[in-house]
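K.L.:
Just need the structure, nothing else, for what follows:
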Amino acid sequence: MTSDRRAAPAHTTGGKLSEELFERARLVFPGGITRATVERDPFPVFADFGEGAYLTDVDGRRFLDLNNNFTTLIHGHGFSPVVEATAAALRRGTCFANPMKHEIELAELLVDRIPAVEKIRFVTSGTDAVMFAIKAARAATGRTAVARLAGAYHGAYDWAEAGQTTAAGMPVSSFTGTPSYVLDDVIVIDFNNVADLKLKVEENAHRLAALLIDPMPSRAGLMQPLPEFLETANLLAKKHGVVLIADEVLNLRQGFHGASHRYGLEPDLITMGKIIGGGFPIGAVGGRAEIMNLFASDNGVAGLPQGGTFAANPVSMMAGKVAMEALTRATFERLEELGDRVRGGLASRIAQHDAAFFVTGAASLFRIHVSSTASSSSQHEHAVSDDAKTLSRLHRHFAAHGIILPRGAAASLSTPMSEADADQIISVFDDFLASDSNKAGEAA
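P.N.:
Numbers count the residues shown, from 1 in each chain. As a prediction, the model looks like this:
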């Protein structure tokens with residue numbers, strides 16, 4: 001996308017048009033927003049357009065975008081090959097009840113690239129993908145319970161959602177009115193706690209359909225998985241006939257073959273989304289043919305019926321195919337180098353200032369934690385939010401310097417970003433650590 005509009009510096013006062021739009025939105029949307037993840041400070045920044053690594057808001061302020069629609073836009077905004085391909089697809093029709101070759105081409109790419117995927121089924125979101133993976137595990141095993149990691153995010157399906165929050169090691173419902181039997185069928189495991197994993201899987205093996213694992217759960221801190229933890233998960237799942245599901249809706253971007261291959265997890269099923277849609281709505285379940293064949297209806301009745309009006313729609317399929325083709329091994333290597341540059345630079349500034357922060361993440365992902373002690377256990381996931389005021393100041397400081405850093409300080413890089421962009425991230429963080437306001441906040 002090109003534009004002759006001159007963007008105002010991000011650090012200028014403004015936001016008037018965003019504020020006016022928010023007031024209009026409050027009249028038609030509950031709380032003035034259409035998804036809970038939209039950040040308000042005190043009102044949302046309304047986007048006007050995006051170009052490459054940058055987003056310009058309705059008030060003309062230009063930002064380096066480290067959100068990328070919650071890690072979806074690995075190629076940034078307005079990626080030309082996707083724009084051109086989807087424009088051509090739109091002229092031929094937006095959606096059909098009939099299949100098209102685009103879905104075969106994207107499926108072939110993913111099956112060829114991801115070792116654990118023998119067959120695949122497209123759905124419309126990451127939530128759908130996790131939901132149908134859990135249903136497939138139940139259909140394959142005849143059991144109902146799901147074991148999952150404390151604090152991890154797996155979408156809005158009841159059994160995937162329970163366990164984002166825990167109390168005394170037990171799952172807490174995420175919304176009012178959750179049936180009690182949902183919580184009864186969810187077992188919560190501490191991330192990287194091998195003993196807890198062994199104990200809870202062994203105790204519940206007779207009723208466990210699935211062991212649901214995000215190899216590096218973002219909401220729980222983007223901590224590195226311990227090899228022993230993932231190897232134990234592999235062994236226990238095989239021993240007890242539990243379907244091991246890897247949720248890679250977010251973390252597929254960690255490498256050419258995905259996160260499970262990177263860390264040694266051997267899933268029966270993988271859930272995908274975000275980057276495989278090229279910026280359009282998508283989800284997918286893939287895995288062992290034996291389990292995936294439950295979706296087949298060759299004899300008239302599927303073991304696991306799955307439909308969806310917009311599943312495998314041609315626009316998402318074409319966009320995903322083009323976006324994924326552009327993610328070559330060399331592209332992933334460059335993103336990894338850029339991520340290493342950012343994480344290393346942030347860590348060095350923390351050390352220089354002897355500040356109470358640490359950095360986690362891998363590949364094109366990083367997260368800044370407000371704590372001086374790094375831990376790989378989900379028991380320390382709240383180190384991210386135990387000083388919400390500091391995180392808010394960090395978010396505002398980055399915004400004032402023209403960078404969108406999500407309020408939880410979990411960020412993603414994109415292919416159009418440069419080394420200069422990476423150095424700007426490091427420089428702005430260094431300025432924050434040196435600022436009098438931050439030192440005053442630490443003292444308080």
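K.L.:
if I pick the residue nearest the centre of the chain, what's in contact with it?
P.N.:
Nearest residue to the geometric centre of the chain (C-alpha atoms, centre = their mean): residue 250, 3.0 Å. Listed by C-beta atoms under 8 Å, 6 or more residues apart in numbering, the contact partners of residue 250 are 70, 71, 126, 214, 218, 273, 274. Glycine gets a C-beta too; all of them are placed from N, C-alpha and C.
K.L.:
count of residues packed around residue 371?
P.N.:
Residue 371: 16 surrounding residues under other C-beta atoms under 10 Å.
K.L.:
Low-confidence ranges, the stretch 151-300 of the chain, go.
P.N.:
Judged by pLDDT under 70, the stretch 151-300 of the chain has its weakly predicted residues at 168, 300.
K.L.:
Mind telling me what element the residue lying closest to residue 119 once chain neighbours are set aside is part of?
P.N.:
Distances taken as C-beta to C-beta, 6 or more residues apart in numbering place residue 292 nearest to residue 119, at 3.9 Å, with adjacent residues excluded. Assigned by DSSP states H and E, residue 292 belongs to helix 289-292.
K.L.:
helix or strand right after that helix?
P.N.:
Using DSSP H and E, the helix or strand that follows helix 289-292 towards the C-terminus is helix 314-325.
K.L.:
So which bits of that next one are buried?
P.N.:
314, 315, 316, 317, 318, 319, 320, 321, 322, 323, 324 (16 or more other C-beta atoms under 10 Å).
K.L.:
separation between the second one and residue 100?
P.N.:
This means residue 315. Distance from residue 315 to residue 100, counting by C-beta to C-beta, to the nearest Å: 10 Å.
K.L.:
Overlap in contacts, the two.
P.N.:
In terms of C-beta under 8 Å, 6+ apart, residue 315 and residue 100 are not both contacted by any residue.
K.L.:
show me the contacts for the residue lying closest to residue 258 once chain neighbours are set aside.
P.N.:
What sits nearest to residue 258 in space, not counting adjacent residues and going by C-beta to C-beta, 6+ apart, is residue 252, at 4.8 Å. Neighbouring residues of residue 252 by C-beta under 8 Å, 6+ apart: 114, 258, 259, 272, 274, 275, 276.
K.L.:
what about residue 252, distance to residue 364?
P.N.:
Look at residue 252 and residue 364: by C-beta to C-beta, they are 11 Å apart.
K.L.:
who touches both of the two?
P.N.:
In contact with both residue 252 and residue 364: no residue, using C-beta under 8 Å, 6+ apart.
K.L.:
How about residues contacting the longest helix along the chain?
P.N.:
Ranked by residue count and defined by DSSP state H, the top helix of the chain is helix 329-353. Helix 329-353 has contacts (C-beta under 8 Å, 6+ apart) with 74, 253, 255-256, 355, 357-359, 361-366, 368, 413, 415, 417, 419, 422-423, 425-426, 429-430, 433-434.
K.L.:
Give me the distance between the residue nearest to the centre of the chain and residue 370.
P.N.:
22 Å.
K.L.:
Could you do residue 186 as well?
P.N.:
Distance, residue 186 to residue 370, using C-beta to C-beta: 29 Å.
K.L.:
now do residue 238
P.N.:
According to C-beta to C-beta, residue 238 and residue 370 sit 39 Å apart.
K.L.:
neighbour-wise, which of the two wins?
P.N.:
Per other C-beta under 10 Å, whichever of residue 238 and residue 370 has more neighbours is residue 370, with 20 against 12.
K.L.:
For the more buried one, give me the backbone phi and psi.
P.N.:
Per-residue torsions, residue 370: phi -100, psi 80 (degrees, to the nearest 10).
K.L.:
Quick check: it vs residue 152, distance?
P.N.:
Counting by C-beta to C-beta, the gap from residue 370 to residue 152 is 20 Å.
K.L.:
for residue 335, same thing?
P.N.:
Distance of residue 335 to residue 152, given as C-beta to C-beta: 23 Å.
K.L.:
who does the strand or helix carrying residue 427 touch, helix- and strand-wise?
P.N.:
Per DSSP H and E, residue 427 falls inside helix 419-434. The helices and strands touching helix 419-434, judged by 3 or more C-beta pairs under 8 Å, 6 or more residues apart in numbering; DSSP states H and E, are strand 62-65, helix 329-353, helix 388-400, strand 403-404.
K.L.:
want to try JSON lines for the ones you listed, with distance to residue 268 and mean pLDDT as columns?
P.N.:
Formatted as JSON lines, the helices and strands packed on helix 419-434 follow (distance: least, C-beta to C-beta, whole Å; pLDDT from 0 to 100):
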{"stretch": "strand 62-65", "distance to residue 268": "35", "mean pLDDT": "98"}
{"stretch": "helix 329-353", "distance to residue 268": "25", "mean pLDDT": "97"}
{"stretch": "helix 388-400", "distance to residue 268": "37", "mean pLDDT": "92"}
{"stretch": "strand 403-404", "distance to residue 268": "37", "mean pLDDT": "97"}
